[in-house]
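Visitor: Generate coordinates for the sequence data below:
(one chain, ligands or ions: 1)
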Amino acid sequence: MAENKPGFLSRLFGRKAEAPTAPEPVPEMPQAGGEPEAMPSPPTTGADDLAAAPSTVTTASPDTPEENKAPAELAGADLQPVEGLDPEGTNPQEPLPRIVTDHGPELRPDITAADLPAPEPAPAEVVPEPAPAGARGWWQRLTDGMRRTSSSLSDSVTGLFTKRKLDAATLEELEDALVQADLGVPAAMRITEAISAGRYNKEISPQEVKAILAGEVEKTLQPVAQPLTVDRSHKPFVILMIGVNGAGKTTTIGKLSQKFRSQGLKVMLAAGDTFRAAAIEQLKVWGERVGAPVLSREQGADAAGLAYDALQEAKANGSDVLLIDTAGRLQNKAGLMAELEKIVRVVKKFDPSAPHATLLVLDATVGQNAISQVELFQKAAGVTGLVMTKLDGTARGGILVALAEKFRIPVHFIGVGEGVEDLEPFTARDFAKAIAGLEAHS
Ligand SMILES: Nc1nc2c(ncn2[C@@H]2O[C@H](COP(=O)(O)OP(=O)(O)OP(=O)(O)O)[C@@H](O)[C@H]2O)c(=O)[nH]1
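Guide: Residues are numbered from 1 along each chain as shown. Purely as a prediction, here's the structure:
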């Protein structure tokens with residue numbers, strides 16, 4: 001990673017630190033070497049170190065016109081065209097296909113089975129089995145999940161501060177370790193300065209450094225650590241799930257539904273990722289598992305129309321929460337953005353206050369690239385909250401600190417594994433302690 005930061009010494013001697021203007025997009029999906037087009041899409045593992053795995057990134061050929069190239073923000077997205085899909089998602093004449101509802105009435109009795117194209121068999125998608133309930137406590141799940149980030153930071157701290165005086169070189173190395181863990185330059189500088197304050201040229205124990213680190217991280221995260229509250233005055237409370245493909249939207253919908261169901265809420269799901277048949281199937285499996293009806297149509301159907309019908313049905317059947325899945329890839333960035341804008345517009349026609357929450361799902365393994373994803377989706381759909389997934393698959397968990405510092409968007413949940421239980425409400429103190437490698441009650 002090439003982030004520019006003034007060194008500790010130069011700051012000490014007065015060179016003014018410049019805050020970084022734009023983060024450098026870092027494409028993070030593993031590349032198996034040069035030409036990924038012909039590769040089949042492998043299942044996403046969440047690990048960021050599988051250098052030998054075939055790439056899922058679609059790379060533009062040199063002949064691709066500039067406007068059709070995938071933007072850096074969609075690094076990791078699998079931008080494949082789907083025949084018959086309106087690329088801009090704006091065709092009002094698009095015929096409405098029959099609605100397939102797993103539980104509940106058919107909404108288009110005027111269209112019969114004979115009108116339908118033969119269903120395309122969807123490739124099977126593995127949906128992880130739920131972990132036995134109560135197998136691990138929340139702290140255990142959090143620290144297990146955060147182990148790669150915390151051990152990388154905590155090893156650096158222990159290595160740097162064991163029986164060593166706190167001097168400029170040590171602080172510089174600490175700053176580098178914090179930047180490597182994706183906390184961002186401003187936070188890394190602030191933390192280093194907090195650690196050096198009043199202790200310069202003195203000995204400081206690794207434990208003390210970790211405590212100061214945790215305190216500073218907590219201060220940054222505190223304002224954004226906000227629970228997702230379902231406002232019961234909206235029935236249904238509509239949650240739009242957005243994010244690039246593979247970020248973990250569908251899985252997070254499953255995990256969230258489980259939480260809502262266990263609170264006694266009636267939940268309905270809309271399979272708005274009509275781009276990929278497997279995504280529709282995956283959502284149905286989750287729906288069955290958590291006991292939530294899923295409204296879906298066939299692959300390639302108009303996602304905005306489906307969202308509208310889902311809202312109508314959720315209202316009719318008294319659902320408390322409607323979760324709408326969306327595609328994370330389309331032909332190009334313009335297509336993806338147009339589809340999201342259209343979904344929001346159409347949902348508002350039914351209920352001007354909806355969507356009541358628009359959650360951007362971010363994959364922690366993409367590191368700094370998460371910053372450009374927030375900017376992109378913010379423009380298209382107005383993000384109200386973040387869910388960060390796959391913190392268990394990366395040492396780059398510090399990206400949440402950089403995001404909090406830059407955007408101040410609420411962070412509701414973090415994903416620390418593939419199981420249904422592995423979605424933790426985001427709390428600043430716990431996350432800060434986990435990242436610094438401290439015990440729960442230290
Ligand atoms: N390790 C880990 N894996 C996760 C987590 N959340 C999701 N995954 C996995 O990430 C992969 C992609 O998740 P999906 O839910 O299919 O992602 P999506 O954003 O819906 O992707 P598309 O349907 O392709 O748009 C799946 O294998 C999930 O099991 C997490 O917190 N930790």
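
Visitor: Please list all residues in contact with the residue in the chain that the ligand sits nearest to.
Guide: Nearest residue of the chain to the ligand: residue 415, at 2.6 Å (C-beta to the nearest ligand atom). (Glycine included, C-beta is placed from N, CA and C.) Residue 415 is in contact with 248, 251-252, 255, 387-392, 422-424, counting by C-beta atoms under 8 Å, 6 or more residues apart in numbering.

Visitor: ditto for residue 274
Guide: 280, 297-303, 306, 327.

Visitor: quick revisit: quickly list what the nearest residue to the residue of the chain closest to the ligand once chain neighbours are set aside is bridged to.
Guide: Nearest non-adjacent residue to residue 415, counting by C-beta to C-beta, 6 or more residues apart in numbering: residue 389, 3.5 Å away. With DSSP bridges applied, residue 389 shows beta-bridge pairing to residue 363.

Visitor: now the strands for the protein?
Guide: Along the chain, the stretches classed as strands by DSSP state E are 100-101, 237-242, 267-270, 294-296, 321-324, 357-363, 385-389, 411-415, 423-425.

Visitor: Same list (these) but as CSV, adding mean pLDDT.
Guide: Formatted as CSV, these follow (pLDDT from 0 to 100):
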stretch, mean pLDDT
strand 100-101, 37
strand 237-242, 97
strand 267-270, 98
strand 294-296, 96
strand 321-324, 98
strand 357-363, 97
strand 385-389, 96
strand 411-415, 95
strand 423-425, 91
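
Visitor: Residue numbers of the protein in contact with the ligand?
Guide: With C-beta under 6 Å from any ligand atom as the criterion, the chain comes near the ligand at residues 43-44, 46, 128, 243, 245-251, 273, 276, 279, 282, 328, 389-390, 392-393, 415-418, 422.

Visitor: Buried ones among those?
Guide: Taking 16 or more other C-beta atoms under 10 Å as the criterion, what is buried in the residues of the chain next to the ligand is 44, 46, 243, 245-251, 273, 276, 279, 282, 328, 389-390, 392-393, 415-418, 422.

Visitor: Okay, and which of the residues you listed map to helices?
Guide: Per DSSP state H, helices hold the following members of these: 249-251, 279, 282.

Visitor: a markdown table for these, including pLDDT?
Guide: What follows is those, written out as a markdown table (pLDDT from 0 to 100):
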| residue | pLDDT |
| --- | --- |
| 249 | 95 |
| 250 | 94 |
| 251 | 94 |
| 279 | 91 |
| 282 | 94 |
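
Visitor: still on that earlier bit, my guess is the residue nearest to residue 415 meets residue 359, correct?
Guide: No: using C-beta atoms under 8 Å, residue 389 is not in contact with residue 359, being 11.2 Å away.

Visitor: Quick one: end-to-end distance for stretch 153-168.
Guide: 19 Å (C-alpha to C-alpha, to the nearest Å).

Visitor: What segments of the stretch 101-250 of the chain are helices?
Guide: Taking DSSP state H, counting those that start in this stretch, the helices of the stretch 101-250 of the chain run over residues 138-145, 147-161, 168-180, 185-196, 206-221, 249-262.

Visitor: mind putting the ones you listed in CSV, distance to residue 355 included?
Guide: Shown next, in CSV, are the helices of the stretch 101-250 of the chain (distance: least, C-beta to C-beta, whole Å):
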stretch, distance to residue 355
helix 138-145, 28
helix 147-161, 31
helix 168-180, 35
helix 185-196, 31
helix 206-221, 25
helix 249-262, 14
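
Visitor: most neighbours per residue, which of those?
Guide: helix 249-262 (a mean of 23; mean count of other C-beta atoms under 10 Å).

Visitor: counting contacts, what elements does it pack onto?
Guide: Under the contact criterion of 3 or more C-beta pairs under 8 Å, 6 or more residues apart in numbering; DSSP states H and E, helix 249-262 touches strand 237-242, strand 267-270, helix 277-290, strand 321-324, strand 357-363, strand 385-389, strand 411-415, strand 423-425.

Visitor: could I have it exported to PDB, CA atoms only?
Guide: Extracted as PDB, the C-alpha positions of helix 249-262 are listed here (Å, rounded to 0.1, in the frame of the first residue of the first chain):
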ATOM      1  CA  LYS A 249     -25.400  -8.900   0.900                       C
ATOM      2  CA  THR A 250     -27.400 -12.100   0.600                       C
ATOM      3  CA  THR A 251     -25.700 -13.700   3.600                       C
ATOM      4  CA  THR A 252     -26.200 -10.600   5.700                       C
ATOM      5  CA  ILE A 253     -29.900 -10.500   4.800                       C
ATOM      6  CA  GLY A 254     -30.100 -14.100   6.000                       C
ATOM      7  CA  LYS A 255     -28.300 -13.300   9.300                       C
ATOM      8  CA  LEU A 256     -30.300 -10.100   9.800                       C
ATOM      9  CA  SER A 257     -33.600 -11.900   9.100                       C
ATOM     10  CA  GLN A 258     -32.700 -14.500  11.800                       C
ATOM     11  CA  LYS A 259     -32.100 -11.600  14.300                       C
ATOM     12  CA  PHE A 260     -35.400 -10.000  13.400                       C
ATOM     13  CA  ARG A 261     -37.300 -13.300  13.600                       C
ATOM     14  CA  SER A 262     -35.800 -14.000  17.000                       C
END
